[in-house]
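1. model this:
(chains A and B)
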2 protein chains.
Amino acid sequence: MRYYAHPEEGLDLARINAVVEEAFAAFGRDEVEMPPKVYVNLDGGDFRTMPAYIPSLGLAGVKIVNVHPDNPACGLPSVMALLVLLAPATGMPYAVMNATMLTDLRTGASGAVAARHLCRRQDDLEVGLVGAGRQAEAQLEATAAWLGIGRIRVWSRSEASAEAFVRRCDRFDIETATLERVVDCDLLVTTTPSRTPLVSNDWIRDGTHINAIGADAPGKQELDPAILVRARVFVDDPRQAVHSGEINVPIAAGQYRAEQLAGTLGEVVLGKKGRQSDAEITVFDSTGLAIQDLAIARVALEGPDRGIELPFP
Amino acid sequence: MRYYAHPEEGLDLARINAVVEEAFAAFGRDEVEMPPKVYVNLDGGDFRTMPAYIPSLGLAGVKIVNVHPDNPACGLPSVMALLVLLAPATGMPYAVMNATMLTDLRTGASGAVAARHLCRRQDDLEVGLVGAGRQAEAQLEATAAWLGIGRIRVWSRSEASAEAFVRRCDRFDIETATLERVVDCDLLVTTTPSRTPLVSNDWIRDGTHINAIGADAPGKQELDPAILVRARVFVDDPRQAVHSGEINVPIAAGQYRAEQLAGTLGEVVLGKKGRQSDAEITVFDSTGLAIQDLAIARVALEGPDRGIELPFP
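-> Residues are numbered from 1 along each chain as shown, chains lettered A, B, ... in the order given. Next up is the predicted model:
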């Protein structure tokens, strides 16, 4: 068994996108074992356990990930993760990975997969970013590895964060803007921990694709529910999305029904479902799947971090 | 974060029993967070993910454990486990343990806790062992750390295994015997992977306490269902037991109803439930709880294995 402290270093983002896309395809073919993630509440947050098996990739394992919003005050990330890989034939654990940064990257990759299949064009995309944290950056970098990015506008509740984001990403054509101006784009990416809608339906132009990434627990939402009703909405996993995705609050409030969902990203990747006209709005509601973690772990095993040997069993 | 390769070495069994008993008490007071374990099927077996949080002990974490019956043919244990502990206040993983042997020990401890509270006497116990593997030994050793053990009889489907067990445990007054003779005792401990009942109701004398340990997945059973109907049956967790404990097959076959259960071991430890007469049969149906793993991990952290430092986050 080996421990990988920095498995995210030196990985190729396009390769991650491709393997994550393959995992979604396996899910779309109903060829993965993946129970919904399990939540355990702690004092200042919670942790989630995410087991899965992808036979076609020979990958089995579990991610353990916490969410503690107050951690930055004591110098720790809010979200930290550990991933354990098991050999499917024997059940033996053979890799333990620090998956904190991998989690950012694999979520970014799912956005890139959705954008490739659901944006109405693949080049000179006008991008709007609502939220300017680590995940906004991961989404932008992963998408840029596959699609042509044009003008980017970014908004954050904290203006300083938005400005820092612009400086960090200055290899792009990027600027801060008002929320309303940011939302008017081809590809809108929302990555905030909001519990009230930030993005108004009136601001969204026809043809926009939205990657709704922030809502990943009950009570979280970023979009005006009217957007969901107007749009064709795809989810990663309906079982998780109704409970903790962007649609969870509107469903609980009777503003949206699970039956209105257009399908899963897996079905989109397989070409079974997708955008039907240039004018329609599409939404990808991401909650994060264990198969994404397995997929990126496979890429990490090929990467420069060779790990530390640990005695087992 | 530290990795513990041999956390089971040098631990005091009575101390393990005490902390496992404390965990059951917390469960009995409804003071733990513990979703039922989640199963993922693999090619030659499965793996289970077991998260939990015990606020009163300050312990949170996840055990990952596989069951691959054919592993011994390739020189690996059928069951291997890894345990991850998280700091409740921050969610940060601080310990990863090889929990293969800890799993044996903590299951043994739950048997000892049940025997202390449910056997009609605490000294010179006549013990019957059905099954002669690692778990039979763990049950015997844990129980001997708390109760006075008299004559032991052991039976295994393989006579050679039973004889090897007698040699391993020759510090006790122990012998092999026929199944019928083994079953006639004060404390019966069943630890086989059987899928058909081995122990006939007619063989069980009044007043026996049975630790039914072997059945831990759908389809497994060791006891004649008539024993369950005749006995006062306690489980570790009703949600797991109906699905994968000794009662799972009789419930599926309509021979037993979950409503007939007498209570949980947690309630027994708290004195809310228990044996009501010297004559009645009592059964503890063990499926294995994540809180037992957290409890033994706490004892292991106090043990001689100081672990290997790993960089995280």
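2. please count neighbours and contacts with C-alpha atoms only from this point.
-> Noted.
3. so where do the helices sit in chain A?
-> For chain A, the helices defined by DSSP state H cover A:13-28, A:100-118, A:134-144, A:159-168, A:179-183, A:225-230, A:238-244, A:248-252, A:265-269, A:290-301.
4. pLDDT score assigned to the residue nearest the centre of chain A?
-> When C-alpha atoms, centre = their mean is applied to chain A, the residue found nearest the centroid is A:Thr107 (3.0 Å). Per-residue pLDDT puts A:Thr107 at 97.
5. does it touch A:Gln139 like I think?
-> Yes: with contact defined as C-alpha atoms under 8 Å, A:Thr107 counts as touching A:Gln139 (7.3 Å).
6. how about A:Trp155: what's its closest non-neighbour residue?
-> Leaving aside its sequence neighbours, A:Trp155 sits nearest to A:Val130 (C-alpha to C-alpha, 6 or more residues apart in numbering or on different chains; 5.1 Å).
7. next, format the helices of chain A as CSV and append distance to chain B.
-> Output for these, formatted as CSV (distance: least, C-alpha to the nearest C-alpha, whole Å):
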stretch, distance to chain B
helix A:13-28, 15
helix A:100-118, 8
helix A:134-144, 16
helix A:159-168, 22
helix A:179-183, 32
helix A:225-230, 31
helix A:238-244, 15
helix A:248-252, 21
helix A:265-269, 20
helix A:290-301, 12
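8. can you pull the buried residues of the helix-or-strand element of chain A with minimal mean pLDDT?
-> When the helices and strands of chain A are scored by mean pLDDT, DSSP states H and E, helix A:238-244 comes last with a mean of 93. Using 16 or more other C-alpha atoms under 10 Å in any protein chain shown as the test for burial, helix A:238-244 gives A:Pro238, A:Gln240, A:Ala241, A:Val242, A:His243, A:Ser244.
9. give the other helices and strands that it contacts.
-> helix A:248-252 (3 or more C-alpha pairs under 8 Å, 6 or more residues apart in numbering or on different chains; DSSP states H and E).
10. can you list the buried residues in the helix it packs on?
-> By neighbour count on 16+ other C-alpha under 10 Å, the buried set for helix A:248-252 is A:Asn248, A:Val249, A:Pro250.
11. if we can go back for a sec, reformat the buried residues of helix A:238-244 as TSV; add distance to A:Leu57.
-> Shown next, in TSV, are those (distance: C-alpha to C-alpha, whole Å):
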residue	distance to A:Leu57
A:Pro238	23
A:Gln240	23
A:Ala241	24
A:Val242	28
A:His243	28
A:Ser244	27
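12. contacts only, for A:Leu179.
-> Residues near A:Leu179 by C-alpha atoms under 8 Å, 6 or more residues apart in numbering or on different chains: A:Val130, A:Trp155, A:Val199.
13. quick check: bridge partners of the first one?
-> This means A:Val130. The partner list for A:Val130 in beta bridges (DSSP bridges) reads A:Trp155, A:Thr190.
14. roughly how far does it sit from chain B?
-> Going from A:Val130 to chain B by C-alpha to the nearest C-alpha, to the nearest Å gives 27 Å.
15. so that residue is in contact with A:Asp184, correct?
-> No: using C-alpha under 8 Å, A:Val130 makes no contact with A:Asp184, being 11.3 Å away.
16. so which of the two has more stuff around it?
-> A:Val130 (26 against 19; other C-alpha atoms under 10 Å in any protein chain shown).
17. check contacts around the more buried one.
-> A:Val130 neighbours (C-alpha under 8 Å, 6+ apart): A:Ala136, A:Val154, A:Trp155, A:Ser156, A:Leu179, A:Val182, A:Val183, A:Leu188, A:Val189, A:Thr190, A:Thr191, A:Thr192.
18. list the contacts for the third one?
-> If I follow you right, that is A:Trp155. For A:Trp155, the contact set (C-alpha under 8 Å, 6+ apart) comprises A:Leu129, A:Val130, A:Gly131, A:Ala132, A:Ala162, A:Thr176, A:Ala177, A:Thr178, A:Leu179, A:Val182.
19. for those residues, which entry has the maximal number of neighbours?
-> Neighbour max across the contacts of A:Trp155 (other C-alpha under 10 Å) = A:Leu129, 28 neighbours.
20. so how far is A:Leu105 from it?
-> As defined by C-alpha to C-alpha, to the nearest Å, A:Leu129 lies at a distance of 17 Å from A:Leu105.
21. ditto for A:Arg153
-> Distance, A:Arg153 to A:Leu105, by C-alpha to C-alpha: 21 Å.
22. can you give me the neighbour number for A:Ala253?
-> Using other C-alpha under 10 Å, A:Ala253 has 11 other residues around it.
23. dump the residue contacts of it.
-> A:Ala253 neighbours (C-alpha under 8 Å, 6+ apart): none.
24. quick one: it from A:Glu280, how far?
-> 25 Å.
25. wait, A:Ala177 sits on A:Val154?
-> Yes: counting by C-alpha under 8 Å, A:Ala177 touches A:Val154, with 6.0 Å between them.
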